[in-house]
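J.: The sequence and its predicted three-dimensional model are supplied below.
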Amino acid sequence: MEGAPDPAGEGSDRVKLNILNTFLLQERVQMPEYYLDIETTGLDPKKDKIITIQYQRLGMLTGRSEGDLHILRSWDSSEKDILELFLPIFEGGGPFSFVAIGVNIPFMYSFIVERARIHGLDAPEPLYLFGRKPYLDIKPVLVLMNKGSFKGASLDRFMELSYKGEDIPRMYFEERYDRIIECIKEEADKFQKLYRHLKERAPSLVIAKGLVQTTLD
């Protein structure tokens, strides 16, 4: 019948969709995504310290949280202790067992490695972190949202956080730990909202004939 859908074509599409869904479900198990962030007393890992390390399992398909937000706090024990707790989780069973999702991940990785070595702990080699272990950094997206400028391309600018990054060290030295936890939870929540939005919009970009075309008006 003219204009009728092709049953074979529909069936073929369903088979392809089932195969894709199966693959993605397997990948979600094999390559779990984790929101990752750290708070520090400054920007120099040779002299500044890690205040907290926070991470949370995210759904690969949706970007939604699939577990609690874990916050490792140095004031409860020490910087060395939280690194000793985090590194086995981070390294896990191989490069794909903890896929970090965050903002400015190279800074975080460099800080974690340097501080771990200062404390005499085994830390991943930079070549492994940046060459074999996958991660997803949305910093470039923030730069594009900021009209291509790196200056000011931060999460607190676009997500209207109630604090700025430089406020955390001051709160730490003032021992306002409860407020730090509030800020960490706020940032995690707003980051994940942005990440989910990006995941939802990404499929609207169609690659055709080597060109990226948007299907959105």
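T.: That came in fine, so what should we check first? None of the values given here were measured: they were computed from a predicted structure. Numbers count the residues shown, from 1 in each chain.
J.: any idea how far D156 is from K164?
T.: 5 Å (C-beta to C-beta, to the nearest Å). From N, CA and C alone the C-beta is placed, and that goes for glycine too.
J.: K133 now?
T.: To D156, K133 is 27 Å away according to C-beta to C-beta.
J.: What about G42, how many residues nearby?
T.: Per other C-beta atoms under 10 Å, the neighbour tally for G42 reads 11.
J.: now do K47
T.: For K47, using other C-beta under 10 Å, the count is 9.
J.: So for stretch 197-216, mean pLDDT?
T.: Averaging pLDDT along stretch 197-216 gives 60.
J.: Spatially nearest residue to G42, not counting backbone neighbours?
T.: D48 (3.4 Å; C-beta to C-beta, 6 or more residues apart in numbering).
J.: helix/strand/coil for that neighbour?
T.: Following DSSP: H, G, I helix; E, B strand; the rest coil, we place D48 in the coil state.
J.: Would you mind pulling up the elements that the strand or helix carrying L136 packs against?
T.: L136 belongs to strand 135-137 when assigned by DSSP states H and E. Here strand 135-137 touches strand 99-102, helix 105-118, going by 3 or more C-beta pairs under 8 Å, 6 or more residues apart in numbering; DSSP states H and E.
J.: Compare the ones you listed and give me the one nearest T62.
T.: In terms of C-beta to C-beta, the element of these nearest to T62 is strand 99-102, at 12.5 Å.
J.: hmm, who's touching the closest one?
T.: Among residues not part of strand 99-102, those counted as contacts by C-beta atoms under 8 Å, 6 or more residues apart in numbering are 31-37, 58, 90, 108, 134-138, 191, 195.
J.: try 7 Å
T.: 31-37, 58, 108, 134-137, 195 (C-beta atoms under 7 Å, 6 or more residues apart in numbering).
J.: Note down every partner strand of it and its orientation.
T.: Strand 99-102 pairs in its sheet with strand 33-40 (parallel), strand 135-137 (parallel), by DSSP bridges.
J.: Name the residue in K164 and D156 with the higher neighbour count.
T.: D156 (18 against 11).
J.: And the more buried one, how far from I168?
T.: Between D156 and I168 the distance is 11 Å, computed by C-beta to C-beta.
J.: Could you do M159 as well?
T.: Relative to I168, and taking C-beta to C-beta, M159 is found at 16 Å.
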